[in-house]
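A.B. asks: only geometry, no sequence info:
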DNA sequence: CGTATATATGAAAACGATTTCATTTTAGTG
DNA sequence: CACTAAAATGAAATCGTTTTCATATATACG
């Protein structure tokens, strides 16, 4: 593999001059520039990025932490993040924590060992205090999880308000007993949504149901399981607020199979407005988040901090959500009769 | 940030000894080892990975090229790849080509610039000859796309056989006129599946339909569009072989909306056996690929080549597929009546 | 006890770039 | 034409490790 030294020799010039050409720096005459370019071409030279990284103390790489990439919410986020990062000349390394605090810490170490310039966390498995240590090594941006005490930029929708609106929507369409199906019992997303959920119930004089049962709910499978648990333990429930469309889909799948009618017998609302919520039959009412914009903002914020430096201050970037009404919450609707 | 030099000074020893401790090498006495470890702890030392990379000429990083991470087929693959890579101490950087040859080349450059030790390609946008050049810089493993002339390991199912079986399945359940809905007109996957598709038609004496119409089909949206195109131009079609479950789902969604009955009026089969194929109503018959095993094998093969060296030879790793029968191809079935 | 062998240790080279600094050449000005 | 400023060039230091090689000490053996 040709090195910069080889190119210099071939062109009869110094490493310095070659480096200047590579980096488009001034103070190199036209004829030399051409000679260097010819030499590079002739030798098939390409700069070694490890050497560059070492000297310049930059990696042009960021890490994105998430639970699992197969979860549509996260893969939509990371899709846009990768695109935006690529625009800025950054690579993205994908870090699946599978909700394990240890794995999360392992990945945070990438920052200390200088394998990445910065980190975007779309979930949080450790106490914030643990994560905060790593800010000494590089910038971190929080996406989705709003830790109000974290001295970093935080990008999210107003989860409390969204959950409040979702719950009110269920109530106004006739739900009188509502289950709150949301994973990540100790996550900030959970707490914020729960707050909004309870606020709505309280406002409309509905008593909340003990939801210990539902605390690990996250995917299609748990949605299916929860349908049966609810049938068994809370047969009078007629409204379900699911924390994701997959969960809602799993729930509805079992309901249909069991002959329980959605929305006639139970109203269901999902979250994220993924493709599945439109495709399901009945289609699923859902809260839409502006993934693309949020992801883009995260990358912009992080890159800015990497390149311009950062100081430790909390900074909220709140994006608008939107409730997309569909069949699963429209008991009177005669749309798409099957 | 503390360097190895700082640790050495602090411990009153040489860089060499510290390095030996870090890398668990022999020939360092117990007392020195302890002194070094204490020093590292005291200074919060962590080795700089850029320096390591430069010296050892290894990055412990691989790149995975794919069209889009939001496509379930690819995010299932990459999920398992990341896990397996992580087990081996490798990072994964995600490279979305969005089907653009230029983007693919940009990402292949990662190999030349030594930003990654190797590459897994799950799709192919350039001619193989273009890609082959990069083998000089590091190993490449092909996943899914079977380029029979490529001197690299290739991991895939028998696409031709799978397509053949899918088509036969449609025919045996009553289809007499069948559309082949598959994206990536010039991909190897396309060609292999088309071969199997045509073989089945031919065997059963069915004339193929000119499929120019359907060549860019890949996601839910195109599935929806194709339903209407087929209704308009080939109203007599009563069987659809879709290249992915999303496409099948989009197709069925529009069919249901239009009052066309699946499977009674049209049989539909999908590919990949994703969650959606079970959740849809009617549920979708599909071909299952062993993602996890295939992904794991890809990473193993690549890591092996990275660490043990590689020679240029074609090597096929064919995995078994399985047809999962569901409602969308069972006209007589009274399962889950709605 | 002398000699061969294994264990411990460190100085210095190497990895391949970028950057600083000193020096030379060219251009500009009165 | 002399003198200063700007442009062009390269030698050498630097980034932070790992590795080679030389050397010193401890252990084993006949």
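C.D. replies: Arrived safely, thanks for sending. Model, not experiment: these values are computed from the prediction. Numbering: from 1, shown residues only, chains lettered A, B, ... in the order given.

A.B. asks: What strand or helix carries the residue nearest to residue A:219 when sequence neighbours are not counted?
C.D. replies: Distances taken as C-beta to C-beta, 6 or more residues apart in numbering or on different chains place residue A:246 nearest to residue A:219, at 5.2 Å, with adjacent residues excluded. (Each C-beta comes from the backbone N, C-alpha and C, glycine too.) Element membership for residue A:246, per DSSP states H and E: helix A:245-258.

A.B. asks: Which of the residues in that helix are classified as buried?
C.D. replies: Neighbour counts over helix A:245-258 (16 or more other C-beta atoms under 10 Å in any protein chain shown) mark A:245, A:246, A:247, A:248, A:249, A:250, A:251, A:252, A:253, A:254, A:255, A:256 as buried.

A.B. asks: Hmm, residue A:111 is touching residue A:118, no?
C.D. replies: Yes. Residue A:111 is within contact range of residue A:118, at 7.3 Å (criterion: C-beta atoms under 8 Å).

A.B. asks: Spit out the residues that contact these two alike.
C.D. replies: Taking C-beta atoms under 8 Å, 6 or more residues apart in numbering or on different chains as the criterion, residue A:111 and residue A:118 both touch A:63, A:138, A:140.

A.B. asks: wait, what's in contact with the last one?
C.D. replies: Residues in contact with residue A:140, defined by C-beta under 8 Å, 6+ apart, are A:111, A:118, A:119, A:120, A:121, A:131, A:134, A:152.

A.B. asks: separation between the fifth one and residue B:173?
C.D. replies: In this structure, residue A:121 and residue B:173 are 49 Å apart, going by C-beta to C-beta, to the nearest Å.

A.B. asks: try the first one
C.D. replies: With distances defined as C-beta to C-beta, the gap from residue A:111 to residue B:173 amounts to 55 Å.

A.B. asks: likewise the fourth one?
C.D. replies: Distance of residue A:120 to residue B:173, given as C-beta to C-beta: 48 Å.

A.B. asks: Same question for the second one.
C.D. replies: From residue A:118 across to residue B:173, the span is 54 Å (C-beta to C-beta).

A.B. asks: And those two? Which one has more around it.
C.D. replies: Regarding residue A:118 and residue B:173, a neighbour count based on other C-beta atoms under 10 Å in any protein chain shown identifies residue A:118 as having more, with 25 against 19.

A.B. asks: how close does that one sit to chain B?
C.D. replies: Separation of residue A:118 from chain B (C-beta to the nearest C-beta, to the nearest Å) stands at 15 Å.

A.B. asks: Check residue A:98 too.
C.D. replies: Using C-beta to the nearest C-beta, residue A:98 is found at 8 Å from chain B.

A.B. asks: Helix, strand or coil: sort out that residue for me.
C.D. replies: Reduced to three states with DSSP: H, G, I helix; E, B strand; the rest coil, the structure at residue A:98 is coil.

A.B. asks: In contact with it, which residues?
C.D. replies: Contact partners of residue A:98, counting by C-beta under 8 Å, 6+ apart, are A:67, A:68.

A.B. asks: and the closest residue to residue A:314 other than its chain neighbours, how many residues sit next to it?
C.D. replies: Nearest non-adjacent residue to residue A:314, counting by C-beta to C-beta, 6+ apart: residue A:151, 5.5 Å away. Neighbours of residue A:151 under the rule other C-beta under 10 Å: 15.

A.B. asks: Hmm, residue A:151 is touching residue A:305, no?
C.D. replies: No. Residue A:151 is beyond contact range of residue A:305, at 11.8 Å (criterion: C-beta under 8 Å).

A.B. asks: What is the burial count for the residue of chain A found nearest DNA strand D?
C.D. replies: Chain A approaches DNA strand D most closely through residue A:14 (3.1 Å), counting by C-beta to the nearest atom of the strand. When neighbours are defined as other C-beta under 10 Å, residue A:14 has 13 of them.

A.B. asks: now do residue A:239
C.D. replies: Neighbour count of residue A:239, defined by other C-beta under 10 Å: 23.

A.B. asks: If you average the pLDDT over stretch A:263-279, what comes out?
C.D. replies: Mean pLDDT, stretch A:263-279: 95.

A.B. asks: Sorry, slip of the keys, the one I care about is stretch A:221-241.
C.D. replies: So the average pLDDT for stretch A:221-241 ends up being 93.

A.B. asks: swap in stretch A:314-329?
C.D. replies: The pLDDT scores in stretch A:314-329 average 97.

A.B. asks: for stretch A:133-148, same thing?
C.D. replies: Across stretch A:133-148, the average pLDDT comes to 95.

A.B. asks: got the contact list for residue A:243?
C.D. replies: Applying C-beta under 8 Å, 6+ apart, we find residue A:243 in contact with A:181, A:182, A:183, A:184, A:189, A:190, A:193, A:217, A:218, A:271.

A.B. asks: can you confirm residue A:265 is in a strand?
C.D. replies: No. Read with three-state DSSP, residue A:265 is coil and lies in no strand.

A.B. asks: surely it meets residue A:238?
C.D. replies: Yes. Between residue A:265 and residue A:238 a contact is recorded at 6.7 Å, counting by C-beta under 8 Å.

A.B. asks: Quick check: closest non-adjacent residue to residue A:95.
C.D. replies: residue A:107 is the one closest to residue A:95 (C-beta to C-beta, 6+ apart), at 4.0 Å.

A.B. asks: Show me which residues of chain A sit near DNA strand D.
C.D. replies: Neighbours of DNA strand D within chain A, by C-beta under 7 Å from any atom of the strand: A:12-17, A:20, A:26-29, A:31-32, A:51, A:54-55, A:57.

A.B. asks: how does it look with 10 Å?
C.D. replies: With C-beta under 10 Å from any atom of the strand as the criterion, chain A meets DNA strand D at residues A:4-5, A:8, A:11-21, A:25-33, A:35-36, A:50-57, A:113-114.

A.B. asks: So which of these sit within strands?
C.D. replies: Among the residues of chain A next to DNA strand D, no member falls in strands (DSSP state E).

A.B. asks: Show the buried residues in those.
C.D. replies: Buried residues within the residues of chain A next to DNA strand D, defined by neighbour count using 16+ other C-beta under 10 Å: A:4, A:8, A:11, A:13, A:17-21, A:28, A:32, A:35-36, A:50-54, A:114.

A.B. asks: Local confidence estimate at the closest residue to the residue of chain A closest to DNA strand D other than its chain neighbours?
C.D. replies: Excluding its sequence neighbours, the residue lying closest to residue A:14 (C-beta to C-beta, 6+ apart) is residue A:8, at 5.6 Å. We have a pLDDT of 94 for residue A:8.

A.B. asks: Equivalent analysis for the one 5 residues further on, please.
C.D. replies: Per-residue confidence (pLDDT) for residue A:13: 93.

A.B. asks: Please report how far it lies from chain B.
C.D. replies: 22 Å.

A.B. asks: Could I get the phi/psi values of that residue?
C.D. replies: Note on residue A:13: its backbone torsions stand at phi -130, psi -170 [degrees, to the nearest 10].

A.B. asks: same thing with residue A:93?
C.D. replies: Dihedral pair for residue A:93: phi -110, psi 140, per degrees, to the nearest 10.

A.B. asks: Kindly report the same for the one 10 residues further on.
C.D. replies: For residue A:103, the backbone dihedrals (degrees, to the nearest 10) come out as phi -60, psi -40.

A.B. asks: and it, how many residues sit next to it?
C.D. replies: 17.

A.B. asks: measure the nearest residue to it once chain neighbours are set aside to residue A:131 for me?
C.D. replies: Closest residue to residue A:103 apart from its sequence neighbours, by C-beta to C-beta, 6+ apart: residue A:97 at 4.6 Å. In this view, residue A:97 and residue A:131 are 12 Å apart by C-beta to C-beta.

A.B. asks: swap in residue A:274?
C.D. replies: Going from residue A:274 to residue A:131 by C-beta to C-beta gives 28 Å.
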